[in-house]
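In: Requesting a structural model of the entry that follows:
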Amino acid sequence: MTSTPGTGPDAAGTGAEPHGSDGRPAKPAKRARGGLLGWLREIGIILAVSIVLSFIIKTFLFKAFYIPSESMVPTLEENDRIFVNLMIPRNAALQRGDVVVFKDTKGWLPSLPPSTPNPVTEALEFVGLLPDTSQQHLIKRVIGLPGDHVVCCDASQHITVNGAPLTEPYVNPAETPRPMPFDVTVPQGTIWVMGDNRNHSSDSRFHDAAQPGSGFISLDDVEGKASVIAWPLNRIQVLDNYPGTFSAVPSPR
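Out: Below is the predicted model:
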């Protein structure tokens, strides 16, 4: 028996080459990449995007620092990790009571012995994935703004700003501050800063006493306003600048 054309076993069998609508042989579909290679590729993309975003954030918005000393106890404990708002004072004015991080351009810190650099740590700090550990920065609270007249102390041992006495709830309650007399007017473009742990903070008071004028911090050296304690977990909180403490301070003359 003969087979009718088109109805034999090879008419639609595996030996026939598929054709497209234009009559040409159809190209075989590419197999989608998957498995380990695809998974690694996705992880690489995620890491790259994370690094770029982290670098942008730490350059323009927030930067992480760690606290190396006890000068801001009880507000900040040694080894706390904080986030600093870089928009202040870059895009918004500082306020009295703000906690600020500033570069040590005046040599307040003792010189450190040379250490072996760790390229991995330095790279992670550069892109913002680790807090800055360079120890070339200090952190204090703003007490006087440009033009302010800051004095220690009145008859009640209170610091005054433009004649208004300050009640300072942020000062370490574990120790009564030892008065260190000073009477300064803050020059334009600078601030007067003090630590909350007054008896253990080498701040504007000490450096101005050693060399008058060296206690003022240039606004150009201010990295930003410390906004949040991010680590350890049991200390996560937004930092207060105590506006009530400074609400009665008049504008400088």
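In: going forward, measure contacts and count neighbours with C-alpha atoms only.
Out: Fine.
In: Give me the spatial nearest neighbour of residue 224, chain neighbours excluded.
Out: Distances taken as Cα to Cα, 6 or more residues apart in numbering put residue 86 closest to residue 224, at 4.5 Å, once the chain neighbours are dropped.
In: where exactly do the helices run in the stretch 151-253 of the chain?
Out: 204-210, 243-246 (DSSP state H, counting those that start in this stretch).
In: and these, which one's lowest on average pLDDT?
Out: Of all the helices of the stretch 151-253 of the chain, mean pLDDT reaches its minimum on helix 204-210 (a mean of 92).
In: and that one, how far out from the chain's middle?
Out: Distance, stretch centre to chain centre, for helix 204-210: 27 Å (Cα atoms, centre = their mean, to the nearest Å).
In: And it, what does it pack against?
Out: strand 190-194 (3 or more Cα pairs under 8 Å, 6 or more residues apart in numbering; DSSP states H and E).
In: now the strand it packs on, how far from the centre of its chain.
Out: 20 Å.
In: Contacts for it, please.
Out: Residues outside strand 190-194 that contact it (Cα atoms under 8 Å, 6 or more residues apart in numbering) are 140-146, 186, 201, 203-205, 215-219.
In: For the residue lying closest to residue 144 once chain neighbours are set aside, list each beta-bridge partner.
Out: Of all residues not flanking residue 144 in the chain, residue 192 sits nearest, at 4.7 Å (Cα to Cα, 6+ apart). Beta-bridge pairing for residue 192 (DSSP bridges): residue 144, residue 216.
In: check which helix or strand covers the residue nearest the centre of the chain.
Out: For the chain, the residue nearest the mean C-alpha position is residue 63 (2.3 Å; Cα atoms, centre = their mean). Here residue 63, judged by DSSP states H and E, is contained in strand 62-66.
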